[in-house]
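Enquirer: predicted coordinates and the sequence they were generated for:
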Amino acid sequence: MKKGISASKGYAIGNVVLQESHEIIIIEKSISDVNSEKTRLESAIHLSREQLILIKNKAELEMGADKAAVFESHIMLLDDPEFMGSVESDIESNLINAEKALDNTTKSFLTIFEAIEDEYLRERAADIKDVSNRILCNLVGKKPHEFSLDSHNTVIVAHDLTPSDTAQLDKSKTVAFLTDIGGKTSHTAIMARTLEIPAVVGLVDISTSVNNGDLVIVDGVAGLVIINPDDKTIKEYELKKEAYENEKKELHKLANITTFTKGGKRIEVCGNIGKAEDVLKVLENGGEGVGLFRTEFLYMDRDSMPTEDEQFEAYKFVAEKLQGKPLVIRTLDIGGDKKLSYLPMPEEMNPFLGYRAIRLCLDRTDIFKVQLRALLRASVFGNLKIMFPMISSVGEFIQAKEIMKECADELTKEGIAFSSHIDTGIMIEIPAAAVIADEFAKHVDFFSIGTNDLIQYTLAADRMNEKVSYIYDPLHPAVLKLIKMTIDAAHANGKWCGMCGEMAGDETATKILVEYGLDEFSMSASSILKAKKIIMET
Ligand code: PEP
Ligand code: MG
């Protein structure tokens, strides 16, 4: 058995087809006719472009425009004046053959890309290698690699697969693929997930550990490969595979369905996000909006505050992706267990009861206003709502709204657009707020119950301390009573009530919450489809 990185979930049992390496040995040759060498290069580029257009069209049909975009960037690289210019000038000034000049430029570009810290950009080195290899094949008159699979249930095993290799996989025959190298964000992994072909990457030496025809089990959930398994293991995995596929198929039918209970009540099932890109997963999993954007994650893993423009871009990105679906953005909730390296905070005996969230923001209006301005500016790009965390008194909410108004006035003076009405709500995560929810409901547009904190404060059981986790019970009658009070208070005042704490994705609580009248559930993307199913059965 071998353990690698799960790049795409699912199970497969099939026979190995080893992808041979199509490395071409490059020999430096001196040339005398620069023009004819440049013409050779141009013809190879021309042929590469034609091949890539065909691959791109195929990818567009099978995987959608989004994923085919990688080939658009391959085509663009063929026209890139910096890349191609460097190859040509190497031919001209050093009087060397096109193969060697192409290899020199590729290597120097790869050195730059592979040194980049950002994993996503580093993975783009694979794209450069892919395009360069294609031009090289065309230069030497070798057909770039095409898969010719003659048997079904094929598991492709390779040292590495390029994005164009992946796009050419015949989905009707290929059941999985395995590679020695690669990470979760390589295009190969991204495409495997889009094609929904189970894949395990980063297996180190799988390509030299198996032979053509070997039977393998690919466990894309755990990132495992079992080579030549016994009958008992095969049976076990056949059952796992069947169960996995049945559940996925069933659940996915719900992705585009608007959620209603059996009794006909509309309930929004949304996703929680921490980074702007997370919205994509929410949508893929049938999310009907974002019920909690934990913006503090924009402030983490860096050494200074994100600027107004940086925040604006992140909020705008999510709002646009949601195309009018609701987007609840929570203002900065720092403190408690969430610290910023560049913002000195006082040592506290009880940080969860201390200087955090709205308390900090009302004190540090310099920080708060930057965020509010970014939020207001992004409001014109979608259905954006603003939510304040850790509110314990009506006064805090009114103060927060006043600061928001100051920001709005500034923007008006500067001639910068924002929506004329933005719903504003609060998190109900302090028991006091739940108890006086009827008061709050007169002032706010909505509530979202933050059960992660509400439970710890109600039961006096630290959410971080495993020694008291047996006390931390979402279904404790006191917690349920506070939830019910909050929902009733919202409804009595014509407002809606959601929940964005972990309890919203807890399958054991879904039915109760529907019965209590909760209007919106917001949870991690992977729980959405299951929650939709339970709600529709309630
Ligand atoms: C909560 O308290 O339930 C919540 C959603 O906020 P966080 O987990 O970020 O404190
Ligand atoms: Mg909280």
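Expert: Looks like it arrived, so ask away. Ligands and ions are numbered 1, 2, ... in the order given.
Enquirer: how about the residues of this protein by ligand 2?
Expert: 429, 450, 453 (Cβ under 5 Å from the ion). Bear in mind the C-beta positions are built from the backbone N, C-alpha and C, glycine included.
Enquirer: if we go to 6 Å?
Expert: Neighbours of ligand 2 within the chain, by Cβ under 6 Å from the ion: 429, 450, 452-453.
Enquirer: for the residues you listed, give me a markdown table that also has pLDDT, secondary structure and neighbour count.
Expert: Formatted as a markdown table, those follow (pLDDT from 0 to 100; DSSP: H, G, I helix; E, B strand; the rest coil; neighbours: other Cβ atoms under 10 Å):
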| residue | pLDDT | secondary structure | neighbour count |
| --- | --- | --- | --- |
| 429 | 97 | coil | 26 |
| 450 | 96 | coil | 27 |
| 452 | 91 | helix | 16 |
| 453 | 94 | helix | 23 |
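Enquirer: among the residues you listed, which one sits closest to residue 351?
Expert: Nearest to residue 351 among the residues of the chain next to ligand 2 is residue 453, at 12.2 Å by Cβ to Cβ.
Enquirer: ok so, going back, kindly identify which of the residues of the chain next to ligand 2 also come near ligand 1.
Expert: With Cβ under 6 Å from any ligand atom as the criterion, the residues of the chain next to ligand 2 include 429, 450, 452-453 near ligand 1.
Enquirer: still on that earlier bit, just give me the closest of the residues of the chain next to ligand 2 to residue 464.
Expert: residue 452 (10.5 Å).
Enquirer: ok, that closest one - contacts?
Expert: Neighbouring residues of residue 452 by Cβ atoms under 8 Å, 6 or more residues apart in numbering: 429, 463, 501-503.
Enquirer: against residue 160, how distant is it?
Expert: 42 Å (Cβ to Cβ, to the nearest Å).
Enquirer: picking that back up, of all the residues of the chain next to ligand 2, which two lie farthest apart?
Expert: Top of the distance list for the residues of the chain next to ligand 2 (Cβ to Cβ): 429 and 452, 7.4 Å.
Enquirer: any residues in contact with both of the two?
Expert: residue 501.
Enquirer: the longest strand belonging to the chain packs against which elements?
Expert: Identified as the longest strand of the chain according to DSSP state E is strand 11-18. Contacts defined by 3 or more Cβ pairs under 8 Å, 6 or more residues apart in numbering; DSSP states H and E place strand 11-18 against strand 154-158, strand 174-179, strand 215-219, helix 231-252.
Enquirer: only alpha carbons, please: show the third one as PDB.
Expert: Right, the one you point to is strand 215-219. Taking C-alpha atoms only, strand 215-219 is exported to PDB below (Å, rounded to 0.1, in the frame of the first residue of the first chain):
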ATOM      1  CA  LEU A 215      -4.500  -4.300 -10.700                       C
ATOM      2  CA  VAL A 216      -4.700  -1.400  -8.300                       C
ATOM      3  CA  ILE A 217      -7.200   0.100  -5.900                       C
ATOM      4  CA  VAL A 218      -7.200   3.900  -5.800                       C
ATOM      5  CA  ASP A 219      -8.600   5.300  -2.700                       C
END
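Enquirer: which parts of the stretch 251-400 of the chain are strands?
Expert: 268-273, 290-294, 326-330, 383-388 (DSSP state E, counting those that start in this stretch).
Enquirer: which parts of stretch 504-519 are buried?
Expert: Of the residues in stretch 504-519, those with enough neighbours to count as buried (16 or more other Cβ atoms under 10 Å) are 504-506, 509-510, 512-514, 516, 518-519.
Enquirer: so which residues on the protein come close to ligand 1?
Expert: Residues of the chain lying near ligand 1 by Cβ under 6 Å from any ligand atom: 292, 294, 333, 429, 450-453, 500-501.
Enquirer: one more pass at 8 Å, please.
Expert: 272, 292, 294, 296, 330, 333, 336, 338, 389, 427, 429, 448-454, 500-503 (Cβ under 8 Å from any ligand atom).
Enquirer: still on that earlier bit, as JSON lines, the buried residues of stretch 504-519 with pLDDT and secondary structure would be great.
Expert: Putting the buried residues of stretch 504-519 into JSON lines (pLDDT from 0 to 100; DSSP: H, G, I helix; E, B strand; the rest coil) gives the following:
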{"residue": "504", "pLDDT": "94", "secondary structure": "helix"}
{"residue": "505", "pLDDT": "88", "secondary structure": "helix"}
{"residue": "506", "pLDDT": "87", "secondary structure": "coil"}
{"residue": "509", "pLDDT": "97", "secondary structure": "coil"}
{"residue": "510", "pLDDT": "98", "secondary structure": "helix"}
{"residue": "512", "pLDDT": "98", "secondary structure": "helix"}
{"residue": "513", "pLDDT": "98", "secondary structure": "helix"}
{"residue": "514", "pLDDT": "98", "secondary structure": "helix"}
{"residue": "516", "pLDDT": "98", "secondary structure": "helix"}
{"residue": "518", "pLDDT": "98", "secondary structure": "coil"}
{"residue": "519", "pLDDT": "98", "secondary structure": "coil"}
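Enquirer: what is the nearest of those to ligand 2?
Expert: residue 504 (12.6 Å; Cβ to the ion).
Enquirer: for the closest one, which non-adjacent residue is closest in space?
Expert: Nearest non-adjacent residue to residue 504, counting by Cβ to Cβ, 6 or more residues apart in numbering: residue 521, 4.4 Å away.
Enquirer: surely the one you found and residue 506 touch.
Expert: No: judged on Cβ atoms under 8 Å, residue 521 makes no contact with residue 506 at a distance of 10.0 Å.
Enquirer: and the nearest residue to residue 251 once chain neighbours are set aside, what element?
Expert: Nearest residue to residue 251, sequence neighbours excluded (Cβ to Cβ, 6+ apart): residue 529, at 4.0 Å. Take DSSP states H and E as the rule and residue 529 turns out to sit in helix 528-536.
Enquirer: for residue 473, grab the count of nearby residues.
Expert: 15 (other Cβ atoms under 10 Å).
Enquirer: likewise residue 38?
Expert: Residue 38 has 17 nearby residues by other Cβ under 10 Å.
Enquirer: three-state assignment of it?
Expert: Three-state assignment for residue 38 (DSSP: H, G, I helix; E, B strand; the rest coil): helix.
Enquirer: and it, what pLDDT?
Expert: Per-residue pLDDT puts residue 38 at 94.
Enquirer: so what pLDDT did the closest residue to residue 447 other than its chain neighbours get?
Expert: Nearest residue to residue 447 in three dimensions, chain neighbours excluded: residue 497, at 4.6 Å (Cβ to Cβ, 6+ apart). In this model, residue 497 is scored at 98, pLDDT.
Enquirer: what's the answer for residue 319, then?
Expert: Per-residue pLDDT puts residue 319 at 98.
Enquirer: and the closest residue to residue 304 other than its chain neighbours, how far is that from residue 313?
Expert: Distances taken as Cβ to Cβ, 6+ apart place residue 342 nearest to residue 304, at 5.6 Å, with adjacent residues excluded. For residue 342, the distance to residue 313 equals 20 Å [Cβ to Cβ].
Enquirer: sorry, back to before: off-centre distance for the longest strand of the chain?
Expert: 28 Å (Cα atoms, centre = their mean, to the nearest Å).
Enquirer: what pairs with it, parallel or antiparallel?
Expert: strand 154-158 (parallel), strand 215-219 (antiparallel) (DSSP bridges).
Enquirer: done for today, thanks.
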